[in-house]
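> what's the 3D shape of this:
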Amino acid sequence: MATTRRGKEGTRDGRVTRRQLIRMAAAGGAAAAGARLAGAFPVPAVLGAAPVKIGLLVSYSKVYGQLGEDITNGMTLYFDSVKWQAGGRRLTWIREDEEIDPQVGVRKARKLIEADRVDLLTGIVSTATAYAIRDMVHNSRTILIVSNAGGDQLTRARKSPFIFRVSFSSWQVSYPFGKWFYENVARAAVLTAANYAFGTESIGDFKQSFVPAGGKVLGEVYPPLNNTDYAPYIAQVEKLKPEGTYNFYSGSDAVRFIQQAAQYGLTKKTQITGAGFMVEQDVLPAEGPSALGIYSPLHWALTLQTPENLAFTRAYRERFKRDASVFAMQGFDAARVIVEALTRTNGDTSNKDRLIEAIAGVKFQSPRGPFEFDPATHNVIQTIYVRQVRQVGKTIANVVFENLGRVRDPG
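Below you'll find the predicted structure:
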């Protein structure tokens with residue numbers, strides 16, 4: 001059932017108190033960091049102006065339920081900080097669960113676009129859902145700001161002037177790591193992933209740099225998405241006796257894979273690596289010591305020591321009583337893109353060409369590092385880091401120890 005939320009006192013979301021905003025501003029060290037966190041563009045709402053309706057379509061159930069919650073929380077944190085106002089208009093949203101089912105995603109997207117008549121659409125956790133709704137979004141001239149789904153084709157062969165992505169492409173995460181893996185981990189590897197669009201794309205993107213560097217693929221293993229028993233798949237990996245593995249799993253799949261890899265001894269026999277979602281903050285506490293030593297490429301880490309990230313992570317922890325994840329950060333940045341674009345257009349959402357131009361021009365210092373869109377693809381240009389799960393004091397965390405540079409998807 002759809003839920004509409006407004007940034008006014010007495011509503012379900014509410015807004016942060018003056019004391020919370022002060023603490024948020026101080027979190028990054030002085031007023032400058034606080035201004036970055038709050039967006040620095042609060043605009044008084046125009047009396048009588050209709051609110052901007054934002055459609056948020058993410059997963060709140062099944063394997064990726066926590067991802068949807070984290071994206072929602074990140075957006076809430078940013079919208080709270082600007083009092084749910086942008087460009088002189090109030091902001092509201094209508095939330096829907098894509099349920100990791102493309103058919104459901106299409107139905108919910110159609111409802112948001114045609115029945116609810118939202119001004120903007122954002123979210124989308126699953127690549128399969130993103131591909132399924134692409135034509136609907138394009139043909140209806142609905143602006144979509146993707147806050148997760150990383151399928152390569154969404155900003156390549158199937159790109160649209162109406163689609164922007166603040167998160168990542170599969171290629172951005174996995175391709176730069178293939179050569180690094182060959183030079184630092186192993187010359188031969190077994191590759192495994194959840195058997196759906198983004199999983200298979202991740203493996204393909206890794207191979208694009210691993211194989212040309214001289215790497216040998218010993219085998220590929222693809223368990224189904226939302227799997228519970230990895231024993232037979234782990235046995236296939238063990239039989240090939242790899243020195244290293246590269247994997248893609250996320251959400252509850254990642255927890256089960258890592259726990260069972262440790263249970264059956266795989267973590268002691270091979271160096272496990274994988275796209276950073278496999279050991280991200282949404283799953284790392286549940287994986288615990290089983291994840292220690294795993295290498296992963298990603299565009300963010302909880303432990304990044306920048307003023308913007310310190311401000312964001314501290315404010316998030318205070319607001320939601322848990323650590324932020326990369327998905328929360330992506331939601332936070334998606335909300336900022338929306339607010340800054342609406343500010344540039346003085347709240348006008350009717351002129352799509354002008355709004356597209358405003359979104360394309362948004363640049364800022366994100367918790368992940370410098371943020372900007374590629375004008376050719378509308379995909380974010382960003383830094384990719386190499387991380388390792390290590391014991392940090394009393395906690396287990398991903399520690400960044402190498403920077404693979406600013407990565408632009410080839411489009």
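> residue 403 versus residue 72, what's the distance?
Taking Cβ to Cβ, to the nearest Å as the criterion, residue 72 is separated from residue 403 by 30 Å. All C-beta spots, glycine's among them, are computed from the backbone N, C-alpha and C.
> compare the two (neighbour count), which wins?
Using other Cβ atoms under 10 Å, the more surrounded residue of residue 72 and residue 403 is residue 72, with 22 against 11.
> element containing the more buried one, please.
According to DSSP states H and E, residue 72 maps onto helix 65-81.
> please identify the helix or strand for residue 103.
Taking DSSP H and E as the definition, one finds residue 103 inside helix 102-110.
> correction: the previous question concerned residue 303.
Residue 303 belongs to no helix or strand when elements are defined using DSSP H and E.
> what of residue 92?
Secondary structure (DSSP H and E) places residue 92 in strand 89-97.
> thinking again about what came up before, same for the helix holding residue 72, what does it pack against?
For helix 65-81, the packing partners by 3 or more Cβ pairs under 8 Å, 6 or more residues apart in numbering; DSSP states H and E come out as strand 52-58, strand 89-97, strand 120-123, helix 251-263, helix 307-320, helix 326-344.
> please name every helix or strand in contact with the helix holding residue 103.
Packed against helix 102-110, as judged by 3+ Cβ pairs under 8 Å, 6+ apart, are the following elements: strand 52-58, strand 89-97, helix 127-139.
> average pLDDT across the helix holding residue 72?
Average pLDDT, helix 65-81: 97.
> okay, the angle between it and helix 307-320?
Between helix 65-81 and helix 307-320, the angle formed by their directions is 100 degrees, by axes from the mean of the first three to the mean of the last three Cα atoms, to 10 degrees.
> starting at the chain centroid, how far to helix 65-81?
Relative to the chain's own centre, helix 65-81 is displaced by 11 Å; criterion: Cα atoms, centre = their mean, to the nearest Å.
> contacts for stretch 392-405, please.
By Cβ atoms under 8 Å, 6 or more residues apart in numbering, the residues outside stretch 392-405 that reach it are 176-177, 180, 276, 279-281, 284-285, 288-289, 291-292, 296-298, 301-304, 383-390.
> is it possible to mark the buried ones in those?
For the contacts of stretch 392-405, a neighbour count by 16 or more other Cβ atoms under 10 Å gives the buried set as 176-177, 180, 276, 279-281, 284, 291, 296-298, 301-302, 304, 383-390.
> of the residues you listed, which belong to helices?
Here DSSP state H is the test, and the buried ones among the contacts of stretch 392-405 give 176, 177, 180, 284 as lying in helices.
> the second one and residue 299 touch, don't they?
No: using Cβ atoms under 8 Å, residue 177 is not in contact with residue 299, being 11.8 Å away.
> overlap of the contact sets of those two?
Where contact means Cβ under 8 Å, 6+ apart, the residues bridging residue 177 and residue 299 through contact with each are residue 384.
> in what helix or strand does the nearest residue to residue 364 once chain neighbours are set aside lie?
Nearest residue to residue 364 in three dimensions, chain neighbours excluded: residue 371, at 5.4 Å (Cβ to Cβ, 6 or more residues apart in numbering). In this structure, residue 371 sits in strand 369-373 according to DSSP H and E.
> next one: the nearest residue to residue 384 once chain neighbours are set aside from residue 329, what distance?
With sequence-adjacent residues excluded and distances taken as Cβ to Cβ, 6+ apart, residue 384 is closest to residue 404, at 4.4 Å. Shown here: residue 404 relative to residue 329, a distance of 18 Å by Cβ to Cβ.
> those two: who's more crowded?
For residue 404 versus residue 329, the count of surrounding residues by other Cβ under 10 Å is larger for residue 329: 29 against 18.
> gap between residue 372 and residue 362?
Plainly put, residue 372 is 8 Å away from residue 362 if you go by Cβ to Cβ.
> between these two, which has more neighbouring residues?
residue 362 (20 against 16).
> isn't that one right up against residue 339?
No: if you go by Cβ under 8 Å, residue 362 and residue 339 don't touch, sitting 9.4 Å apart.
> which ones among the contacts of stretch 392-405 map onto strands?
Judged by DSSP state E, strands contain the following of the contacts of stretch 392-405: 296, 297, 298, 383, 384, 385, 386, 387, 388, 389, 390.
> export those residues as CSV, with columns for pLDDT.
Formatted as CSV, the ones in strands among the contacts of stretch 392-405 follow (pLDDT from 0 to 100):
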residue, pLDDT
296, 98
297, 98
298, 98
383, 98
384, 98
385, 98
386, 98
387, 98
388, 98
389, 98
390, 98
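> on that earlier part again, let me know the angle separating the helix holding residue 72 from strand 52-58.
For helix 65-81 and strand 52-58, the angle between their directions (the same axes, to 10 degrees) works out to 160 degrees.
> partner strands of the very next helix or strand once past helix 65-81, with direction?
Sequence order places strand 85-86 as the next helix or strand after helix 65-81, per DSSP H and E. Partner strands for strand 85-86, per DSSP bridges, with pairing direction: strand 89-97 (antiparallel).
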